[in-house]
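[1] Predicted model follows, preceded by the sequence.
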Amino acid sequence: MFIFINRTSRRRRPALSAAAARHHLSSSATTTTSSSNLHDKCSFKPPLSLHKSRNPNPDKTSTTTKKAKPPYRPPSSLDRDGEKPTSSDLPFDLRFSYTESDPAVRPIGLREPKYSPLGPNRQDRVRTGVCAPAVDPRLGSVDDGKEDPKLEEKRSKMRERILGESLTSAERKALVDRCQRNRDNRQINLGRDGLTHNMLNDIHNHWKHSEAVRIECMGVPTVDMKRVCTQLEDKTFGKIINRQGSVLVLYRGRNYNPTQRPAIPLMLWKPHDPVYPRLIKTAIDGLSIEDTKEMRKKGLAAPPLTKLAKNGYYGSLVPMVQDAFLASELVRIDCQGLEKSDYKKVGYKLRDLVPCVLVTFDKEQIVVWRGKDYKPIEADQFFMGHNPFDNPDNDLFSGPEEENSDDESSQHGFHSGNE
């Protein structure tokens, strides 16, 4: 009896037919709509899908197109707006860098329009895209006119008036001792861009508080320290009274007055470098293309003469290459870790100072060839690393920097190529 009840309770109900199911759903829907009006009161229209067209009126197509944004053009002193620009009486051409730009080499093109990095209404000189030349203001164009012949005379008279009488040995030694690292931590760093235009303003700001300023040179400009010293004295009207390796001491002069300092318009941004001719030629003059390729392979396989450290002191690089040319016609310099523009500038300086022929810059290496008619340079033509600067007693090197100058230059200057 119990078994029969259990079996009858587990039986499934018979499934409804399709017609019966449709009739059941329709009857339930009618009862729901008739019994409740909640759907009509709370009905809403769903928002447009984000994946579909964002146009709220899909029937109307948009005919207006968004205008392209014009390229950014920085303000320039070439765009005069009627205001009178600031006059600059500096008796030399205004350039971004005075040591790394060669006025004798004309560029073959410009990477930008003729914008002025000095900004609008900052100076009254017309900029050529490379420099703002100091020419006769009565000339209509700077390209047709030449530099005013009276500028050199004006420059020399101004410098002599500011310097006054020359310093004695005791005065020079006192100024140099005052600029030592253990006594004064203020200095100006002259880096990869060399003596820039804005650095002139920094030097005059230091001269407000002290008669002399310490300048430390690093990187590419140290290959030609003679040019660095010449440009510093020429552009600031000061005098270098001491040099120990890459450290210079620049004196402002006896008659220097900070209130009468020259008006120096600052450059608001760095201009683009112009396009200059290529340094490496496909075929070296006097050789065929095959001989040039063979020379490049041979130069890259040669042992390196030295390895240049980043932001180091390269003052002894020129005499090292000249000595190496006495034993080998090809010299390789390892420049791994340096910027491409940096070791190209180093090669450009070596070409003129050694002199030599540039072979290749491949694989971060500088390979130079001494040429067929190479003649060694005499020893008296070298620029000494420790220059007394017209000091007959030679008593400027008794300070603490003299003892450590060689160690400092070896630490951040050259590294042996065998390392």
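    That came in fine, so what should we check first?
[2] switch to C-alpha atoms for all contacts and neighbour counts from now on
    Noted.
[3] Can you get me the start-to-end distance on stretch 292-312?
    Stretch 292-312 has an end-to-end distance of 31 Å (CA to CA, to the nearest Å).
[4] Just the buried residues of that stretch, please?
    292-293, 295-296, 299-300, 304-312 (16 or more other CA atoms under 10 Å).
[5] Next: stretch 309-329.
    So, applying 16+ other CA under 10 Å, buried residues of stretch 309-329: 309-319, 321-322, 324-325.
[6] rewinding a little: out of the buried residues of stretch 292-312, which sit inside strands?
    Pro304, Leu305, Thr306, Lys307, Leu308 (DSSP state E).
[7] Relative to Lys345, which of those is nearest.
    Checking those against Lys345 by CA to CA gives Leu308 as the nearest, at 13.0 Å.
[8] Settle this for me: Val357 is touching Asp373, isn't it.
    No - applying CA atoms under 8 Å as the test, Val357 and Asp373 come out as separate, 11.2 Å apart.
[9] who has more neighbours, these two?
    Val357 (22 against 5; other CA atoms under 10 Å).
[10] what's the spacing between the more buried one and Leu330?
    10 Å.
[11] Give me the common contacts of these two.
    Listed as contacting both Val357 and Leu330 by CA atoms under 8 Å, 6 or more residues apart in numbering are Val368, Trp369, Arg370.
[12] out of those residues, who has the most neighbours?
    Val368 (26 neighbours).
[13] quick one: which helix or strand includes it?
    Using DSSP states H and E, Val368 falls within strand 365-369.
[14] what's next to that strand, contact-wise?
    So strand 365-369 is contacted by 296, 299-300, 329-336, 343, 347, 356-361 (CA under 8 Å, 6+ apart).
[15] Give me the subset of those residues lying in helices.
    When the contacts of strand 365-369 are checked against helices (DSSP state H), the matches are Arg296, Gly299, Leu300, Tyr343, Gly347.
[16] how about the residue nearest to the fourth one when sequence neighbours are not counted, what does it touch?
    Among residues not flanking Tyr343 along the chain, Cys335 sits closest, at 6.7 Å (CA to CA, 6 or more residues apart in numbering). Cys335 makes contact with Lys307, Leu308, Ala309, Tyr343, Glu364, Gln365, Ile366 under the criterion CA under 8 Å, 6+ apart.
[17] Kindly report the same for Val220.
    With CA under 8 Å, 6+ apart, Val220 has these contacts: Gly191, Arg192, Asp193, Gly194, Asn311, Tyr314, Asp342, Tyr343, Lys345, Val346.
[18] Can you tell me which of these is nearest Thr99?
    Among those, and counting by CA to CA, the member closest to Thr99 is Gly194, at 5.6 Å.
[19] From what I see, that closest one and Thr99 are in contact.
    Yes - counting by CA under 8 Å, Gly194 touches Thr99, with 5.6 Å between them.
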